[in-house]
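Peer 1: The amino acid sequence is not available; the structure is as follows:
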């Protein structure tokens, strides 16, 4: 929930990094089921065509459990079998490539975060052991160009390391503990190791994969052994997406709040907008994970209004997960009596106190600086309230028209 339009200003590099990364992996998430669905249709079609050909035009030898292909049908059998095999391989390869692409986007994101660190703490570059020869220096027009060269070389070097070492780089350079309480870490280790197998070992389990997973206490399917093929199901892809989303947003928030303590408002806005979109997209479990992190680790907010808006979003996440008691517990943990009417209205609707919510609504009236009338149907927090007679009566009284209750895309002003 944001409360006002922001004056346009230079984008924060942390915002640019997280927004770009999330947009990229969300594009993969929306595309994965479409592409794999089309490939499955094609696979089923080609496999079915080959099966019908064998049953119709070939003789099945039961004792040897195979079909006897007549010489005149051998070419047709070859083409149909190859088409079926190719479609099966295409599904497997492209599903793997989606996982590879997810991790590749994360690697790019890590590089972007490193640039953010160097921009804020340039002395880290000074401490770099990378040296330039006199001949190297002559190739640069300015010191800035030479500095950029060293930065890129440092990033390239870190990205060649394991993902565990990449996190170690941030921890050592910034004296932070980034993995001390990170439940998604085990899944992240397995994901990145699986990606390595897809790229280097045709998706076959290796001893190294098993050892690394064991070292990080990753729970693997019982009986898994070297040589087994690792699949990519829709469920696995979703878990991989959630894992990278969670780690990327947590890492972004921890780094920026430590490195830019005077820019808390930008960090708040980023967190609020990203988690609101999760709610809007009904990704409630992922939103819950992020709000649990916020509740435990974000101790400083830019202002109380922002803190309470985030709290309302956290409460409604539990409500839509059918954890109404937890929702009420969060709302009742604060005194809303001294808050503005928009915040009080939010607390009322989550508690199911629709008469009180309607009274707050009337007090706000048609003041678009507080809330635009379209927001009542845009914001998920109101989705039960707008179905009530209390809301419809108040809306008509304020705006002199009936409310158009239908699902819309959310704006960035959210509750």
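Peer 2: Thanks, I have it. In this text, all values refer to a predicted model and were calculated from it rather than measured experimentally. Numbering: from 1, shown residues only.

Peer 1: make it CA atoms for all contacts and neighbour counts henceforth
Peer 2: Will do.

Peer 1: Measure how buried residue 78 is and give me the count.
Peer 2: 12 (other Cα atoms under 10 Å).

Peer 1: List the residue ranges of this structure that fall below the pLDDT cut-off.
Peer 2: 1-9, 125-147, 149, 405-415 (pLDDT under 70).

Peer 1: Just list the residues touching residue 186, thanks.
Peer 2: Shown in contact with residue 186 (Cα atoms under 8 Å, 6 or more residues apart in numbering): 213, 216, 217, 218.

Peer 1: For the closest residue in space to residue 366 that isn't next to it in sequence, pull up the helix or strand it's in.
Peer 2: Leaving out its chain neighbours, the residue that sits closest to residue 366 by Cα to Cα, 6 or more residues apart in numbering is residue 398, at 6.3 Å. Take DSSP states H and E as the rule and residue 398 turns out to sit in helix 389-399.

Peer 1: who touches that helix?
Peer 2: Residues outside helix 389-399 that contact it (Cα under 8 Å, 6+ apart) are 354-355, 358-359, 361-362, 365-366, 385-386, 401-403.

Peer 1: Pick the one among those residues closest to residue 271.
Peer 2: residue 385 (25.5 Å; Cα to Cα).

Peer 1: surely the closest one meets residue 355?
Peer 2: No - applying Cα atoms under 8 Å, one finds residue 385 not in contact with residue 355, separated by 9.8 Å.

Peer 1: out of those two, which sits in the more crowded spot?
Peer 2: residue 385 (23 against 17).

Peer 1: who's in contact with the more buried one?
Peer 2: 349, 354, 391.

Peer 1: burial of the first one, as a residue count?
Peer 2: By that I understand residue 349. Count around residue 349 with other Cα under 10 Å applied: 21.

Peer 1: ok, back up a step: who wins for neighbours among the contacts of residue 186?
Peer 2: residue 213 (19 neighbours).

Peer 1: Could you point out the helix or strand that follows whichever strand or helix holds that residue?
Peer 2: Assigned by DSSP H and E, residue 213 belongs to helix 207-215. On the C-terminal side of helix 207-215, the nearest following helix or strand under DSSP H and E is helix 234-259.

Peer 1: other SSEs contacting that next one?
Peer 2: helix 13-57, helix 74-120, helix 185-200, helix 264-280, helix 284-297 (3 or more Cα pairs under 8 Å, 6 or more residues apart in numbering; DSSP states H and E).

Peer 1: From residue 291, how far out is the residue nearest in space to the middle of the chain?
Peer 2: With distances taken as Cα atoms, centre = their mean, residue 245 lies nearest the centre of the chain, 2.9 Å away. Separation of residue 245 from residue 291 (Cα to Cα, to the nearest Å): 13 Å.

Peer 1: if we can go back for a sec, would you convert the contacts of residue 186 into a markdown table that also reports distance to residue 329?
Peer 2: Shown next, in a markdown table, are these (distance: Cα to Cα, whole Å):
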| residue | distance to residue 329 |
| --- | --- |
| 213 | 38 |
| 216 | 35 |
| 217 | 34 |
| 218 | 34 |
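
Peer 1: quick revisit: could you report the neighbour count for the residue nearest to the residue nearest to the centre of the chain when sequence neighbours are not counted?
Peer 2: Using Cα to Cα, 6+ apart and skipping the chain neighbours, the partner closest in space to residue 245 is residue 22 (7.0 Å). Number of residues near residue 22 (other Cα under 10 Å) recorded here: 20.

Peer 1: right, and residue 22 touches residue 247 too?
Peer 2: No - the criterion here is Cα under 8 Å, and residue 22 misses it with residue 247 at 11.3 Å.

Peer 1: burial measure for residue 103, as a count.
Peer 2: Other residues close to residue 103 by other Cα under 10 Å number 22.

Peer 1: count of residues packed around the nearest residue to it once chain neighbours are set aside?
Peer 2: Excluding its sequence neighbours, the residue lying closest to residue 103 (Cα to Cα, 6+ apart) is residue 192, at 6.8 Å. Per other Cα under 10 Å, the neighbour tally for residue 192 reads 21.
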